[in-house]
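Colleague: Need the 3D shape of this:
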Amino acid sequence: MMNPLPTAIIGGGPVALAAAAQLVKRNMPFVLFERGAQVGASVRSWQHVSMFSPWEFNIDAAAKELLLATGWSPPPHDQMPTGDELIKLYLEPLAQLTPIKPYIQLEATVKAIYRKGFDKMKTAGRERAPFLIEYEKQGHTHRVEAAAVIDATGTWLTPNPLGASGTSAEGEKEYTQHITYGIPDSLGASRDRYAGKNIVVVGSGHSAIQSLTLLHELKLQVPETTIHWVLRKQSVNDAFGGGENDGLPARGELGTRANRYVQNGNVLVHTPFLIHQITKDQATHKLSLHGTKLDQGYTIAKIDEVIVAAGSRPDFTFLRELRYASDAVVESVPQLADLIDPNLHSCGTVRPHGEAELRQPEKNFYIVGSKSYGRAPTFLLATGYEQARSVVAALAGDFEAAREVKLHLPETGVCSVPKSLLAVTEHDTCCGPKPKKLSIKPIAVSSSSSSCCGPVKEVESSGGQTYGVE
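Modeller: This next block holds a predicted model:
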């Protein structure tokens, strides 16, 4: 390379390590910063969960090439790994490779990134200045110069709060000892915390349904366990996805499974419930969730534990002095926003994109991986791997390769769009005719009043008492 400075990779998950593998393939120096004690620190928090995408979508091509050269045996391409298997069978072997291991900084928390000698306001000569990566490790502050920066920090460590307005609900921070964000291991390490308890799961995406799946299994073992499911959607049917139409059967099965839990009465649904406040009874130590449902006051009481699986958001705080851009609504890379904005559609199937779409106002700075999607809920590792490949190709000056973006993603089997954009008849359901084609690719219509598996029971509650409503 003409520039001997390394490319700085921020993050130590699958997409970050894919970027490292791509840089190794092109004989380009790099340094990788992982805030955890081991690579894949965020993955380790959900290592007990089975992924819904098989190995063929979870291994980067350049990483696979490097691993195979060492005699590594790839796992069966059609099997779905757990988070633990993703780490042990792929991420750890990759991180141990001779061209990669020496350049990984563990327990290194990046605090700031900026141009050397430049704040955000100064322009003249800016692009010629190297980046400075300021990070903390073992209580000391260090700085490293870099020719380029790839931010692959993801969003897992900055979960969305419980409050319906995007901010913490009143009392949420005060009662954090009763609240878990993400997908707790309720069948394993956290079993005693949830067994036989009255539990609320908040969220409507895959993480929420994964939490419901674990809790449902726990309820089968400990029938006294009560599971409430709180959603902001107008109908719980909107959370069930594409079912058998999904290109990833395991992903489609998530929604089918959740519908089954609701149908058999083991999961009590509260929707659309907007939570604004949490209170605690000091005598019983039970929580109450307060808010509104259909513009009327609504409460779920006598709750022991709350699991918040309401998505996550990107953290831009350490990028303050860089000229980065994000969409005002989705907080994604701007050119991706219209493709992934759930206000417009929920197809989850995004056209191939690479360096050109990911380019930032700050030259040689890129946001890749799930962070490039901002707050959008659907992301596959294969998307991040192709982003990393294209970005590294551009950094190497191979713009032809950077433009040749090839990405084949499975359809989700469901595509919700605003009714104002779609001619839908009363007979159009997710089991019925496909809607007219738009600029996005509809597979089936999600209706707020129907479901592939029939009507579902919703539950109203007040003062801790629940009763079923057909």
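Colleague: The stretch 1-150 of the chain: strands as residue ranges?
Modeller: 7-10, 30-34, 104-106, 109-115, 131-137, 140-146, 148-151 (DSSP state E, counting those that start in this stretch).
Colleague: Can you tell me which of those is packed in deepest?
Modeller: A comparison of the strands of the stretch 1-150 of the chain by mean neighbour count, using mean count of other C-beta atoms under 10 Å, puts strand 7-10 on top with a mean of 28. No exception for glycine: its C-beta is placed from N, CA and C like everyone else's.
Colleague: Is it possible to get TSV of the strands of the stretch 1-150 of the chain that adds distance to Arg193 and mean pLDDT?
Modeller: Compiled in TSV, those are given as follows (distance: least, C-beta to C-beta, whole Å; pLDDT from 0 to 100):
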stretch	distance to Arg193	mean pLDDT
strand 7-10	33	98
strand 30-34	28	98
strand 104-106	29	98
strand 109-115	28	98
strand 131-137	32	98
strand 140-146	36	97
strand 148-151	34	98
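Colleague: For Ser207, pull up the helix or strand it's in.
Modeller: When elements are assigned from DSSP states H and E, Ser207 belongs to helix 206-221.
Colleague: now whatever helix or strand comes next after that helix, how far from the chain's geometric center?
Modeller: Scanning forward in sequence from helix 206-221 by DSSP H and E, the next helix or strand is strand 226-230. On the basis of C-alpha atoms, centre = their mean, to the nearest Å, strand 226-230 sits 22 Å off its chain's mean C-alpha point.
Colleague: What is strand 226-230 packed up against?
Modeller: Applying 3 or more C-beta pairs under 8 Å, 6 or more residues apart in numbering; DSSP states H and E, one finds that strand 226-230 contacts strand 198-202, helix 206-221, helix 249-263, strand 268-270, strand 296-303.
Colleague: any idea of the angle the longest one forms with strand 198-202?
Modeller: Meaning helix 206-221. On the basis of axes from the mean of the first three to the mean of the last three C-alpha atoms, to 10 degrees, helix 206-221 is oriented at 160 degrees to strand 198-202.
Colleague: May I have helix 206-221 as PDB, with CA atoms only?
Modeller: These are the backbone C-alpha positions of helix 206-221, laid out as PDB (Å, rounded to 0.1, in the frame of the first residue of the first chain):
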ATOM      1  CA  HIS A 206     -37.800 -11.800  16.100                       C
ATOM      2  CA  SER A 207     -36.100 -11.200  19.500                       C
ATOM      3  CA  ALA A 208     -39.400 -10.900  21.200                       C
ATOM      4  CA  ILE A 209     -40.700 -14.100  19.700                       C
ATOM      5  CA  GLN A 210     -37.400 -15.900  20.600                       C
ATOM      6  CA  SER A 211     -38.000 -14.800  24.200                       C
ATOM      7  CA  LEU A 212     -41.600 -16.000  24.100                       C
ATOM      8  CA  THR A 213     -40.400 -19.400  22.700                       C
ATOM      9  CA  LEU A 214     -38.000 -19.900  25.600                       C
ATOM     10  CA  LEU A 215     -40.600 -18.800  28.200                       C
ATOM     11  CA  HIS A 216     -43.200 -21.000  26.600                       C
ATOM     12  CA  GLU A 217     -41.000 -24.000  27.100                       C
ATOM     13  CA  LEU A 218     -40.400 -22.900  30.600                       C
ATOM     14  CA  LYS A 219     -44.200 -22.700  31.200                       C
ATOM     15  CA  LEU A 220     -44.600 -26.300  30.000                       C
ATOM     16  CA  GLN A 221     -42.100 -27.300  32.700                       C
END
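Colleague: For it, buried residues please.
Modeller: Neighbour-count burial for helix 206-221 flags 206-216, 218-219 (criterion: 16 or more other C-beta atoms under 10 Å).
Colleague: export the residues you listed to a markdown table and tack on distance to Gly12 and pLDDT?
Modeller: Shown next, in a markdown table, are those (distance: C-beta to C-beta, whole Å; pLDDT from 0 to 100):
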| residue | distance to Gly12 | pLDDT |
| --- | --- | --- |
| His206 | 23 | 83 |
| Ser207 | 21 | 90 |
| Ala208 | 26 | 90 |
| Ile209 | 27 | 90 |
| Gln210 | 23 | 91 |
| Ser211 | 25 | 93 |
| Leu212 | 29 | 93 |
| Thr213 | 28 | 91 |
| Leu214 | 26 | 94 |
| Leu215 | 30 | 95 |
| His216 | 33 | 94 |
| Leu218 | 31 | 96 |
| Lys219 | 36 | 95 |
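Colleague: In CSV: these, plus distance to Glu400.
Modeller: Listed next are the buried residues of helix 206-221 as CSV, based on distance: C-beta to C-beta, whole Å:
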residue, distance to Glu400
His206, 36
Ser207, 39
Ala208, 43
Ile209, 42
Gln210, 41
Ser211, 45
Leu212, 47
Thr213, 45
Leu214, 47
Leu215, 50
His216, 51
Leu218, 53
Lys219, 56
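Colleague: where in the chain is pLDDT low?
Modeller: 1-3, 239-253, 345-349, 408-470 (pLDDT under 70).
Colleague: residue boundaries of the helices in it?
Modeller: With helices called from DSSP state H, the chain shows them at 14-25, 41-44, 61-68, 83-86, 92-95, 191-194, 206-221, 249-263, 337-340, 355-358, 381-395, 399-403.
Colleague: quick one: which of those is nearest Val329?
Modeller: helix 337-340 (6.7 Å; C-beta to C-beta).
Colleague: can you list the residues that contact the closest one?
Modeller: Residues outside helix 337-340 that contact it (C-beta atoms under 8 Å, 6 or more residues apart in numbering) are 327, 329-330, 332, 344, 348, 350-351, 353, 373-374, 376, 378.
Colleague: Which members of those are classed as buried?
Modeller: Buried subset of the contacts of helix 337-340 (neighbour count, 16+ other C-beta under 10 Å): Asp327, Val330, Ser332, Leu344, Gly348, Val350, His353, Tyr373, Gly374, Ala376, Thr378.
Colleague: Kindly indicate which of these lies nearest Asn27.
Modeller: Nearest to Asn27 among the buried ones among the contacts of helix 337-340: His353, at 25.9 Å, using C-beta to C-beta.
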